[in-house]
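Peer 1: would you be able to build a 3D model of this:
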Amino acid sequence: MSIASDFIWFNGEMVPFDQAQVHVLSHTLHYGLGAFEGIRAYEQPDGRAGIWRLEEHLVRLLDSMRMIRMDLPVSKEELRAACQDTLRKNNFTEAYLRPLAFLGHGQMGLGARNNPLNVIVAAWKWGAYMGDEGIVKGVRLKTSSFSRNHPTAAMSRAKVVGHYVNSILARYEANDDGYDEALMLDHHGFVAEGTGENVFVIKNGVIKTPPVTNILPGITRRSVIEILKHEGYEVEEHLFGRDAFYVAEEAFMCGTAAEITPIASVDRRPVGDGTPGPITKRVQQIYMDAVKGKVDWLHHHITLV
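Peer 2: Below you'll find the predicted structure:
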């Protein structure tokens, strides 16, 4: 799927796609110090683009930058306008948005602090992250041999560029072994998340998800918890092992890119009967209706363009 568009917002200017370039000695390219977000816009009933939970994403970006000692050179209001303008300029009513803050070239070395801080907002058309079949039938997971980043080695709650090497290696391993995605454990062996998704597991009507201690605090995760509570379910946030998936009746992953993706099996053990369960399908339906402006009680999370 192409990530091409007509324009990218680059340090306050709309730059043609092919001209949005940086130097090969850009600091972030070498050392991975940068922060980013993944945001989706969906076409609303009136034909306009609606950006799902834009404010929450921008707050998380600012939080991530504070954690890694970077100061955003534009205001949150300017960045909000940049996301909206990028959709307008590219004539997108549905798209994936990628704000990214990164250090340019100047000094090299781990102690460099005076390099220019660049900010971009790109947008492109992106369908189901795990594929259309995965959304409908569920995906197959393998417990990774790679542990999720330790909270004292890397700030797990920050969405930092370099953190994703950990995810890439786990995803490569799972795909090479014939699976769709990896299930990652923390340094104690408890379930953390996927390579880019939060996870939920269901048994006997009890819904569990790992606490926000060793994982990224997912914005879709937060939406899912709101949906489940609205539907009358309680969600338990505590640590549990991979075996919870082996005996589960249902399980699913969620994320801005992945949306709500059912889990069909983990380590070759089917989850339930291997097909998406009723709670998973209900959450999936409400979530997709909500992001498209069809759920009144979640409407306030949409920024119209």
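Peer 1: would you map the helices across the stretch 101-250 of the chain?
Peer 2: 132-137, 164-176, 219-230, 243-246 (DSSP state H, counting those that start in this stretch).
Peer 1: ok now the first one, how far from the chain's centre?
Peer 2: The reference is to helix 132-137. With CA atoms, centre = their mean, to the nearest Å as the basis, helix 132-137 stands 18 Å off its chain's centre.
Peer 1: cool, and the third one?
Peer 2: Shown here is helix 219-230, whose average C-alpha point lies 15 Å from the average C-alpha point of the whole chain (CA atoms, centre = their mean).
Peer 1: and it, what's its mean pLDDT?
Peer 2: In this model, helix 219-230 has an average pLDDT of 96.
Peer 1: and that helix, C-alpha only, in CSV?
Peer 2: Provided in CSV are the C-alpha atoms of helix 219-230 (Å, rounded to 0.1, in the frame of the first residue of the first chain):
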residue,chain,number,x,y,z
ILE,A,219,-5.5,5.6,23.0
THR,A,220,-7.5,2.9,21.3
ARG,A,221,-7.1,0.8,24.4
ARG,A,222,-8.7,3.7,26.4
SER,A,223,-11.6,3.8,23.8
VAL,A,224,-12.1,0.0,24.2
ILE,A,225,-12.3,0.3,28.0
GLU,A,226,-14.9,3.0,27.6
ILE,A,227,-16.9,0.9,25.2
LEU,A,228,-16.8,-2.2,27.4
LYS,A,229,-17.9,-0.2,30.5
HIS,A,230,-20.7,1.4,28.5
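Peer 1: let's have the chain start at 857 instead
Peer 2: Done: numbering now begins at 857, and the last item shifts to helix 1075-1086.
Peer 1: re earlier: point out the most buried one among the helices of the stretch 957-1106 of the chain.
Peer 2: The highest mean neighbour count among the helices of the stretch 957-1106 of the chain, using mean count of other CB atoms under 10 Å, belongs to helix 1075-1086: a mean of 20. All C-beta atoms are positioned from the backbone trio N, CA, C, and that covers glycine.
Peer 1: which strands or helices does that one pack on?
Peer 2: Helices and strands touching helix 1075-1086, by 3 or more CB pairs under 8 Å, 6 or more residues apart in numbering; DSSP states H and E, are helix 910-923, strand 1054-1059, strand 1062-1065, strand 1091-1093, strand 1106-1111, strand 1115-1122, helix 1134-1147.
Peer 1: let's see 10 Å
Peer 2: For helix 1075-1086, the elements it packs on are strand 905-908, helix 910-923, strand 1054-1059, strand 1062-1065, strand 1091-1093, strand 1106-1111, strand 1115-1122, helix 1134-1147, judged by 3 or more CB pairs under 10 Å, 6 or more residues apart in numbering; DSSP states H and E.
Peer 1: now that helix against strand 1054-1059, angle please.
Peer 2: Relative orientation of helix 1075-1086 and strand 1054-1059, computed by axes from the mean of the first three to the mean of the last three CA atoms, to 10 degrees: 30 degrees.
Peer 1: report the angle between helix 1075-1086 and helix 910-923.
Peer 2: Counting by the same axes, to 10 degrees, helix 1075-1086 points 130 degrees away from the direction of helix 910-923.
Peer 1: for the helices and strands packed on helix 1075-1086, give me a markdown table that also has distance to Pro972, mean neighbour count and mean pLDDT.
Peer 2: Shown next, in a markdown table, are the helices and strands packed on helix 1075-1086 (distance: least, CB to CB, whole Å; neighbours: other CB atoms under 10 Å; pLDDT from 0 to 100):
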| stretch | distance to Pro972 | mean neighbour count | mean pLDDT |
| --- | --- | --- | --- |
| strand 905-908 | 27 | 23 | 96 |
| helix 910-923 | 15 | 18 | 96 |
| strand 1054-1059 | 34 | 24 | 97 |
| strand 1062-1065 | 39 | 19 | 96 |
| strand 1091-1093 | 40 | 14 | 96 |
| strand 1106-1111 | 31 | 26 | 97 |
| strand 1115-1122 | 35 | 24 | 97 |
| helix 1134-1147 | 35 | 19 | 97 |
